[in-house]
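Undergrad: Provide a 3D model corresponding to the input given below.
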Amino acid sequence: MSEPRPFRSFVSPSRYVQGAGAISLLGELIAPLCASPVILADNNVWGFSGDAVTESLRKAGLDEVRISFGGRATDREIASVSSQLTERGADLVVGLGGGSTLDTAKAAGSDAGIPWVTVPTTASTDAPGTGVAVIYTDEGVLDHFRILGRNPALVLVDSQYVANAPVSFLIAGIGDALSTWLEARASGGAGRALVSGFQAPATGLAAAELSWTILRENALQAIADVKEHKVTPALDNVIEANILLSGLGFEAGGLSVAHSVHNGLTVAEQTHGLQHGEKVNIGSIVQLILDGAPDSEINDFISFTTRVGLPTSLTELGLSIQDTETLNAVARRTTLEDEFVHTMPFTVTPQIIVDALTEVETRSRAVREREGLPAPVKYEHRR
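TA: Coordinates of the predicted model:
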């Protein structure tokens, strides 16, 4: 990784609004920003949100124009959406849906030279508020990141949509957000470069740590509440941690091992049906191992995230410590020259990653057995 520029930098969305029924505010909040907005949403999301969006826009004197999202944030999809935005004379794009939809809206809006708004319908990643788009290949392997240079003009989160979504989305978001503090303290806290090339301000590190604290205090209750489709203070706290605080903490706190391991895992076909935060959680355990964290801290993290419902073993990803060919491929991708893993204060080799992944499996099994938790079994694709 390059040396950080000798300046601190903090970025954020221009506005963040969250709460049950917040979708009704969409038209009111974007009307001062545009005259011809275009919505990007897939057919499933539009099926449960379209009427509310259309009514909100109508009340604000705006027409409803929608582009259907193709399902994955790829260069091809972004180019197609950007072209359609230009053809329709859009002066703002609203991404409505999950992380891939939002990243596509952000990148396509950037290419079209217009601002973007994100309306996440799950709390599964911190993508909604960031100025970064994660781009995949058509096969679902992570290809590259795009640093867009600005953040959304608005992030609007309807907590009821989050409560109505499958609980696996919230759990995945918790996995993504829990990594924020672990990576920020290892990277930004050590003066390493952020994705922007600048140094981490204290504000970014504080946001990352607050996200961690909120999740440790509220995650289990919020998961129980979503299973009953209830919006509660615990759920709203977790939504804010997953989306806002994790995003702030990532962009102004830094990335490290956890997300590099996620990126490595994308080359394993067995993991393609799993969500971002589910793979990141394995990376968080590797992060702790490479940090030299005390056994008590590593084991506590494994115990807590197992109870949350996150994978804490290779078995749950469909991988095996005997499959050295796949593990070596994951490790090579994890340690590419431009990966965040190289924010560590020592050289991280593929063999170090293979050894750490093997330790994840053995530690997880030991912790589960000691605490009477179920032995790991392969995850079903739960989307």
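
Undergrad: Where do the strands of this protein begin and end?
TA: Remark: strands of the chain, listed N- to C-terminal, are 16-19, 37-41, 66-68, 92-97, 116-120, 132-136, 142-147, 154-158; assignment by DSSP state E.

Undergrad: Distance from the fifth one to the middle of the chain?
TA: Relative to the chain's own centre, strand 116-120 is displaced by 14 Å; criterion: CA atoms, centre = their mean, to the nearest Å.

Undergrad: what pairs with it, and is each one parallel or antiparallel?
TA: According to DSSP bridges, strand 116-120 has the following sheet partners: strand 92-97 (parallel), strand 154-158 (parallel).

Undergrad: May I see those arranged in CSV, with distance to residue 142 and mean pLDDT as well?
TA: C-beta: built from backbone N, CA, C; applies to glycine. As requested, the strands paired with strand 116-120 are exported to CSV (distance: least, CB to CB, whole Å; pLDDT from 0 to 100):
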stretch, distance to residue 142, mean pLDDT
strand 92-97, 19, 98
strand 154-158, 23, 98
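
Undergrad: okay if I get the ones you listed as JSON lines plus distance to residue 65 and mean neighbour count?
TA: Conversion of these to JSON lines gives the following (distance: least, CB to CB, whole Å; neighbours: other CB atoms under 10 Å):
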{"stretch": "strand 92-97", "distance to residue 65": "10", "mean neighbour count": "27"}
{"stretch": "strand 154-158", "distance to residue 65": "18", "mean neighbour count": "25"}
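
Undergrad: what sits against residue 10?
TA: When contacts are counted by CB atoms under 8 Å, 6 or more residues apart in numbering, residue 10 touches 201, 203, 204, 248, 252.

Undergrad: Quick check: the gap between residue 337 and residue 4.
TA: Per CB to CB, to the nearest Å, residue 337 is found 17 Å from residue 4.

Undergrad: The two: which is more packed in?
TA: Using other CB atoms under 10 Å as the criterion, residue 337 and residue 4 rank with residue 4 on top: 21 against 6.

Undergrad: Format the strands paired with strand 116-120 as JSON lines; extra columns: distance to residue 43.
TA: As requested, those are arranged in JSON lines below (distance: least, CB to CB, whole Å):
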{"stretch": "strand 92-97", "distance to residue 43": "10"}
{"stretch": "strand 154-158", "distance to residue 43": "19"}
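
Undergrad: how close does residue 52 get to residue 127?
TA: Taking CB to CB, one finds residue 52 at 22 Å from residue 127.

Undergrad: Spatially central residue in the protein, please.
TA: When the chain is reduced to its mean C-alpha position, the closest residue under CA atoms, centre = their mean turns out to be residue 125, at 2.8 Å.

Undergrad: Spatially, what comes nearest to that one if we skip its sequence neighbours?
TA: What sits nearest to residue 125 in space, not counting adjacent residues and going by CB to CB, 6 or more residues apart in numbering, is residue 99, at 4.2 Å.

Undergrad: For that neighbour, the count of nearby residues, please.
TA: By the measure other CB under 10 Å, the count of residues near residue 99 is 26.

Undergrad: same question, residue 42
TA: Under the criterion other CB under 10 Å, the count of neighbours that residue 42 has is 16.

Undergrad: Now do the same contact list for it.
TA: If you count contacts by CB under 8 Å, 6+ apart, residue 42 has them with 68, 69, 70, 71, 97, 101.

Undergrad: Need phi/psi at it.
TA: For residue 42, the backbone dihedrals (degrees, to the nearest 10) come out as phi -80, psi 170.

Undergrad: Need the per-residue pLDDT for residue 227.
TA: In this model, residue 227 is scored at 98, pLDDT.

Undergrad: Kindly apply the preceding question to residue 293 instead.
TA: pLDDT recorded at residue 293 is 97.

Undergrad: do residue 268 as well
TA: Predicted confidence (pLDDT) for residue 268: 94.

Undergrad: Which residues are in contact with the residue lying closest to residue 179 once chain neighbours are set aside?
TA: By the measure of CB to CB, 6+ apart, the closest residue to residue 179 outside its immediate chain neighbours is residue 258, 4.0 Å from it. By CB under 8 Å, 6+ apart, the contact list for residue 258 reads 179, 182, 183, 280, 283, 284, 286, 287.

Undergrad: Select, from these, the two members most distant in space.
TA: Spatially, the most separated pair among those is 183 and 286, at 11.2 Å (CB to CB).

Undergrad: Common neighbours of those two, please.
TA: Common contacts of residue 183 and residue 286, defined by CB under 8 Å, 6+ apart, comprise 257, 258.

Undergrad: Who has more neighbours out of the two?
TA: Per other CB under 10 Å, whichever of residue 183 and residue 286 has more neighbours is residue 183, with 29 against 26.

Undergrad: which of the contacts of residue 10 lies closest to residue 19?
TA: For the contacts of residue 10, the minimum distance to residue 19 (CB to CB) is 18.9 Å, reached by residue 248.

Undergrad: quick one: pLDDT of the closest residue to that closest one other than its chain neighbours?
TA: The shortest distance from residue 248 to any non-neighbouring residue, by CB to CB, 6+ apart, is to residue 207 (4.0 Å). With respect to pLDDT, residue 207 has a value of 97.

Undergrad: Quick check: residue 207 touching residue 240?
TA: No - counting by CB atoms under 8 Å, no contact exists between residue 207 and residue 240, whose distance comes to 10.6 Å.

Undergrad: Which of these two has more residues huddled nearby?
TA: A side-by-side neighbour count of residue 207 and residue 240, using other CB under 10 Å, places residue 207 first with 27 against 21.
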